[in-house]
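J.: compute the structure for the input listed below.
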Amino acid sequence: MQFPDPVAVPAPSMAAVAPASSPVAPPRTGAFSRVRARWLPLWVLLGMVPALALGAVLGPALGEAAVDEWLGILLYLPLVAWVLVMVGRRAGVRLEVLFGWPRLGTFWWVVVGMLVVQFLFSIGAVTLTQLVFPGLRDALEGVGEGNLLLAIVGLVVLPPLVEETVFRGVLIERFAVKWSLAVGILVSAVGFGLLHVDPVGAGMFGVVTALLYLRTGSLWPGILIHAANNLVALLSMRVADPTAVPEPTVQESLVTAAVCLALSLPFLVWFIRAHWPRRGTCSPYQWYEWTHGLPERHVEPLAWSAAPGVPLRLTATSTHLVLGPPHAPAQPLALLPLEQVQSVYPSVAPGGEQVVVLLRDGSWTTLQACGGALAANDALARIVQERAASAAARPSPLASPLQAR
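T.: Numbers count the residues shown, from 1 in each chain. Coordinates of the predicted model:
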């Protein structure tokens, strides 16, 4: 049944009613709103302790090279645990959505071309970085030269799968909900670059694979490009003999970098300009939630103007607002289709801040969370407003997930 008219507060002025969210605004109250990316560094640090302790114990028996290879594999396990436990189980993100079948068509040749372009850019970037930081060559010495199987697992299999999932999947989706897609791409790319010995090349690689994820709706193109890039690097390190080739001079390095950058930068600029997300563009997971239904959100204790003095629980689904007792959620007192919501806004009242819900038929009602606390009621208003906008403007599943250009 529809919410009855309120009895606790005077009717609001129509001039004060804030408009509902824009219909093209992506939903910001989905599963990724519950992901807390700030805990990721702590998980990594806690995971490093047993890995380093194990390396110290097994070092004399296995040898330094083998220990380094095993540590490179074990240090990815905390990232995997964080994704599975905190993102998949705790936040309720359906991780399989990130690994759907990519929408490629004839776009596959662009993916292959960007692999070549990105590899050329990486050569140019790392060449310049070695000129600025000569110690970089020493940092790369010995990488991937041990056991071939461990090298493949530690360089070609795990890094593409784990890093693309964390940086291009989870972090971009989380930052898209918190800020915007553009901010998510830039922040994740910078973080990805800072964790590599070639920050410029890795950062650009992060931007390219992020745009591939947005364009294809899947992490697989980025994973495959990442794996191919690392495989070529591994083979070159294992086949090349550094003692047979003299170290290049500064002039030779500058020429090499200039040629690689001149060949790659025009294509990179074109690709980024052509696929950079416009304002209002949904991320792949936001599009999934928009078309398949947002997960339920619960707010309690909640006061309702039509039932003063009765503590209630609000359940916001992708289609309805449900008010009922906390102990009997299956016996709702009121059920409101979100399509009937005209606008939602917080309003200051003598008993604290409350949320005014104005319906399309001219009636209205008020809700109050946590005794009128400002932060709680602002969050409540945002949830109801965005759910109402998503329900009213949910696009057809057959339409493109990107905003019309």
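
J.: going forward, measure contacts and count neighbours with C-alpha atoms only.
T.: OK.

J.: need the three-state assignment for P311.
T.: Put simply, P311 is strand when judged by DSSP: H, G, I helix; E, B strand; the rest coil.

J.: tell me the contacts of it?
T.: Taking C-alpha atoms under 8 Å, 6 or more residues apart in numbering, we find P311 in contact with 300-303, 325-326.

J.: any of the residues you listed buried? List them.
T.: 301-303, 325-326 (16 or more other C-alpha atoms under 10 Å).

J.: now render the contacts of P311 as JSON lines, adding pLDDT.
T.: Compiled in JSON lines, those are given as follows (pLDDT from 0 to 100):
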{"residue": "E300", "pLDDT": "87"}
{"residue": "P301", "pLDDT": "88"}
{"residue": "L302", "pLDDT": "90"}
{"residue": "A303", "pLDDT": "90"}
{"residue": "P325", "pLDDT": "86"}
{"residue": "P326", "pLDDT": "82"}
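
J.: of the residues you listed, which is the nearest to G362?
T.: Using C-alpha to C-alpha, A303 comes nearest to G362 of the contacts of P311, at 21.6 Å.

J.: now do the same for S363: its pLDDT.
T.: pLDDT recorded at S363 is 87.

J.: closest to L265 among the contacts of P311?
T.: E300 (53.2 Å).

J.: before we move on, which element is the closest one in?
T.: strand 297-304 (DSSP states H and E).

J.: now swap in L45 and tell me
T.: Judged by DSSP H and E, L45 forms part of helix 40-62.

J.: let's test this: mean pLDDT of that helix, rounded?
T.: Confidence for helix 40-62, expressed as mean pLDDT, is 76.

J.: do the same with stretch 367-386
T.: What stretch 367-386 shows for mean pLDDT is 88.

J.: got the buried residues for it?
T.: Buried residues in stretch 367-386 (16+ other C-alpha under 10 Å): 367-370, 372, 374, 376-386.

J.: pull it out as CSV, backbone CA atoms only.
T.: Output of stretch 367-386 as CSV, limited to C-alpha atoms (Å, rounded to 0.1, in the frame of the first residue of the first chain):
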residue,chain,number,x,y,z
LEU,A,367,11.4,9.6,7.4
GLN,A,368,14.1,10.1,10.1
ALA,A,369,17.1,7.9,10.7
CYS,A,370,19.2,7.7,13.9
GLY,A,371,17.1,10.3,15.8
GLY,A,372,17.8,13.1,13.3
ALA,A,373,21.6,12.7,12.9
LEU,A,374,22.7,14.8,9.9
ALA,A,375,25.1,12.2,8.3
ALA,A,376,22.6,9.4,8.7
ASN,A,377,19.7,11.3,7.1
ASP,A,378,21.8,12.7,4.3
ALA,A,379,22.8,9.1,3.5
LEU,A,380,19.2,8.0,3.7
ALA,A,381,18.1,10.8,1.3
ARG,A,382,20.8,9.9,-1.1
ILE,A,383,19.9,6.2,-1.1
VAL,A,384,16.2,6.9,-1.8
GLN,A,385,16.8,9.6,-4.3
GLU,A,386,19.3,7.6,-6.4
